[in-house]
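# compute the structure for the input listed below.
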Amino acid sequence: MTHFCRYHVLEPASWHCSNCRINFCGTCSPEPEGDDAAAPQKCPHCRATLRPLSASDTAAPFWMRLTDFLRYPLSIPGLVLMLLALLVPLAVPGGMPLNIVSLLFLVGISKYLWTVFQEVADGTIEPIGPQPLLKMENNSLAFSLGAMLAIIVAAIMYVRGLSGFYGGLLIVLVSGLMPAILMAVGVNRSVSSGFSKDGLMTVLGSIGLIYPAIFFLPVSLLVVLHAFVGLFADILPMAVGQALALTANTYFSIVLFAMSGYVLFQYQEMLGYTPEGRGKAKKSYKKGDPVQLQVEMFLKDGNYSKAMTLLEADAEKKGASLNQHERYHRLIWAMGSRERLIKHAAPYFKALLQAGRDMQVAAIFREYLQRYPDFRLEDPEVRLDLAQAFERVGDFKLAVHVLNGLHKDNPHFAALPTAYMMAARILADQLGMPQKGLALVQFLHGRFRNHRSFPEVQKMLDELTVKVQGGHPA
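Got it, this is the predicted structure:
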């Protein structure tokens, strides 16, 4: 069965951590680059070396793909070959001429059969089109294998002519061993390996007790096909019966090569086979921020405390991006962590202001006040920056609110006169409360006589005094 990534459930897993017992995809654990390209893949949790998931881990067992093998000949090239197999005996006299033509037909379709085997061994279970058949690579290997198979079929015909029992026994033996022969040829890219003792024993020894099931499948299919042909042998003309037999054998050959290729794909690690992967581009994964990847894993595991700790450290580091601040804010807001929210408010608002998001700052600040009515920022510079941003967006009440009590919280703030003069101006000009504005300026006038901004305070005091005494509307 296919294994999927624990954290990206639609992505097939590429790696497995034996320590954590977790499967990861390439997004969770992208391959090292640059100077670290030769380093082993590491688990994002425990940093243990990951084991790559091979085809034996990810491929569905061959016995679960039987319907795919049985349907494989029903593609356009397969149907064309079976149609030719049906027509050839009708045009050729029976006996020896037909046997020779049948053997030549087997050699002629060997290119198609071997291409089917290679494509499936590379992981492509879908029937091939005409394009792979036009490639010149492996032609000699395919036709050499076809010639060898023709010799074996000729030997079976000869033995069967002498003894039906021994001929049938030889058919069963060859059919059952043919997957091992094909896999040995595929692994070593050599026809001689498939018909040597060492080549066969290597395949059989690597697959072990699984091979009896592989042996049983082609034998069973061949028995069913021959039984089907035998049903019509007595009622149809001999030429038609021979045409059905050659068609059934063609169908059987295509299924056999497809199934053998898939078994090689599934057990490639055991057999030491490396798929060629022709035309298959390796999927690339963008190398993401390792902290954000680990946070995502913690969140999906429900380990919110670790995610918050990791995000907090990431947001507090020098030069943290707005995206890092926003992600941390969303998490602690959802978790309702008052202490973390208040601690993070100043750097988060500062990052938003630097990005020019005045409207967003005003909206978030109001959310803070709704959840925590007594919320107050400690950093006086950020409070002044916020007041200026709120004034820019026309939220005058919020601008005054954020400065309220600034002299009590930060009595030695150097820009306090600037902040309160701005608040006084907003109160008098924008909110229609010149008396309150005058009270603020009078406070500054009495306290900051030696401050460099005192002349500005005196000027504003005179203006507001005239406005209040003269009864001018705001």
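# going by C-alpha atoms from here, please, whenever you check contacts or count neighbours.
Fine.
# thought residue 182 was touching residue 195?
No - if you go by C-alpha atoms under 8 Å, residue 182 and residue 195 don't touch, sitting 9.2 Å apart.
# out of those two, which sits in the more crowded spot?
residue 182 (26 against 17; other C-alpha atoms under 10 Å).
# give me the pLDDT value at that one.
Listed pLDDT for residue 182 reads 93.
# what packs against the helix or strand hosting it?
Counting by DSSP states H and E, the element that carries residue 182 is helix 164-188. The criterion is 3 or more C-alpha pairs under 8 Å, 6 or more residues apart in numbering; DSSP states H and E, and the helices and strands that helix 164-188 contacts are helix 139-162, helix 191-194, helix 197-207, helix 211-233, helix 238-266.
# can you add mean neighbour count and distance to residue 379 and give these back as a markdown table?
Converted to a markdown table, these look like this (neighbours: other C-alpha atoms under 10 Å; distance: least, C-alpha to C-alpha, whole Å):
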| stretch | mean neighbour count | distance to residue 379 |
| --- | --- | --- |
| helix 139-162 | 17 | 78 |
| helix 191-194 | 20 | 79 |
| helix 197-207 | 17 | 70 |
| helix 211-233 | 16 | 74 |
| helix 238-266 | 24 | 63 |
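# run through the helices of the stretch 251-400 of the chain in chain order.
Secondary structure of the stretch 251-400 of the chain, counting by DSSP state H, counting those that start in this stretch: helices at 268-271, 290-300, 304-316, 322-335, 338-354, 358-371, 380-392, 396-403.
# where among these is average confidence lowest?
Ranked by mean pLDDT, the helices of the stretch 251-400 of the chain bottom out at helix 290-300, with a mean of 75.
# quick one: distance of it to the chain centre.
16 Å (C-alpha atoms, centre = their mean, to the nearest Å).
# could I get the buried residue list for it?
In terms of neighbour count (16 or more other C-alpha atoms under 10 Å), helix 290-300 has its buried residues at 291, 292, 293, 294, 295, 296, 297, 298, 299.
# what is the orientation angle of the helix holding residue 182 with helix 238-266?
40 degrees (axes from the mean of the first three to the mean of the last three C-alpha atoms, to 10 degrees).
# contact partners of helix 164-188?
Here helix 164-188 makes contact (C-alpha atoms under 8 Å, 6 or more residues apart in numbering) with 118, 156-157, 159-161, 190-195, 199-200, 202-204, 214-219, 222, 256-257, 259-261, 264, 271-274.
# now that helix and helix 139-162, what's the angle there?
170 degrees.
# next, the angle helix 197-207 makes with helix 164-188.
With the same axes, to 10 degrees defining the directions, helix 164-188 sits at 80 degrees from helix 197-207.
# in helix 164-188, what's buried?
For helix 164-188, the neighbour count (16+ other C-alpha under 10 Å) marks 167, 170-172, 174-187 as buried.
# can you give the distance from it to the centre of its chain?
40 Å.
# look at residue 155 and report its pLDDT.
93.
# check the one 5 residues further on too.
pLDDT for residue 160: 87.
# and the closest residue in space to it that isn't next to it in sequence, how far from residue 145?
Excluding its sequence neighbours, the residue lying closest to residue 160 (C-alpha to C-alpha, 6 or more residues apart in numbering) is residue 167, at 3.8 Å. Distance from residue 167 to residue 145, counting by C-alpha to C-alpha, to the nearest Å: 22 Å.
# and what of residue 368?
With distances taken as C-alpha to C-alpha, residue 368 is found 77 Å from residue 145.
# so what's residue 194 up against?
Counting by C-alpha under 8 Å, 6+ apart, residue 194 has contacts 180, 181, 182, 183, 184, 185, 200.
# low-confidence ranges in the chain?
1-2, 30-39, 54-58, 136, 276-290, 471-474 (pLDDT under 70).
# pop the domain breakdown of it in here.
Domain assignment of the chain by automatic domain parsing yields the ranges 1-53, 62-271, 290-375, 380-474.
# doesn't residue 82 make contact with residue 251?
Yes - with contact defined as C-alpha under 8 Å, residue 251 counts as touching residue 82 (6.8 Å).
# which element is the nearest residue to residue 239 once chain neighbours are set aside on?
Spatial nearest neighbour of residue 239, chain neighbours left out: residue 90 (5.7 Å); criterion: C-alpha to C-alpha, 6+ apart. Following DSSP H and E, one finds residue 90 within helix 76-91.
# list the buried residues for that helix?
77, 78, 79, 81, 82, 84, 85, 86, 87, 88, 89, 90.
# can you check stretch 399-410 too?
Buried, per 16+ other C-alpha under 10 Å, within stretch 399-410: 399, 400, 402, 403, 404, 406.
# check contacts around the nearest residue to the fourth one once chain neighbours are set aside.
Right, residue 403. Spatial nearest neighbour of residue 403, chain neighbours left out: residue 383 (6.4 Å); criterion: C-alpha to C-alpha, 6+ apart. Residue 383 sits next to 377, 402, 403 when contact means C-alpha under 8 Å, 6+ apart.
# and residue 398, how many residues sit next to it?
So residue 398, with other C-alpha under 10 Å, has 18 neighbours.
# so it makes contact with residue 388?
No - assessed by C-alpha under 8 Å, residue 398 is found out of contact with residue 388, at 10.2 Å.
# quick check: residue 432 vs residue 159, distance?
114 Å.
# for residue 274, which non-adjacent residue is spatially closest?
Distance criterion C-alpha to C-alpha, 6+ apart; nearest residue to residue 274, sequence neighbours excluded, is residue 268 at 6.8 Å.
# tally of neighbours for that neighbour?
21.
# export stretch 424-441 to CSV, keeping only CA atoms.
Presented in CSV, the C-alpha positions along stretch 424-441 are these (Å, rounded to 0.1, in the frame of the first residue of the first chain):
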residue,chain,number,x,y,z
ALA,A,424,-4.5,68.0,22.9
ARG,A,425,-4.7,69.1,19.3
ILE,A,426,-6.9,66.0,18.4
LEU,A,427,-9.1,66.7,21.4
ALA,A,428,-9.6,70.4,20.5
ASP,A,429,-9.7,70.1,16.7
GLN,A,430,-11.2,66.7,15.9
LEU,A,431,-13.2,65.6,19.0
GLY,A,432,-14.7,68.9,20.0
MET,A,433,-13.2,68.9,23.5
PRO,A,434,-10.9,71.9,23.7
GLN,A,435,-11.2,72.1,27.5
LYS,A,436,-9.6,68.7,27.9
GLY,A,437,-7.0,69.6,25.3
LEU,A,438,-6.3,72.8,27.4
ALA,A,439,-6.0,70.7,30.5
LEU,A,440,-3.3,68.6,28.9
VAL,A,441,-1.3,71.6,27.7
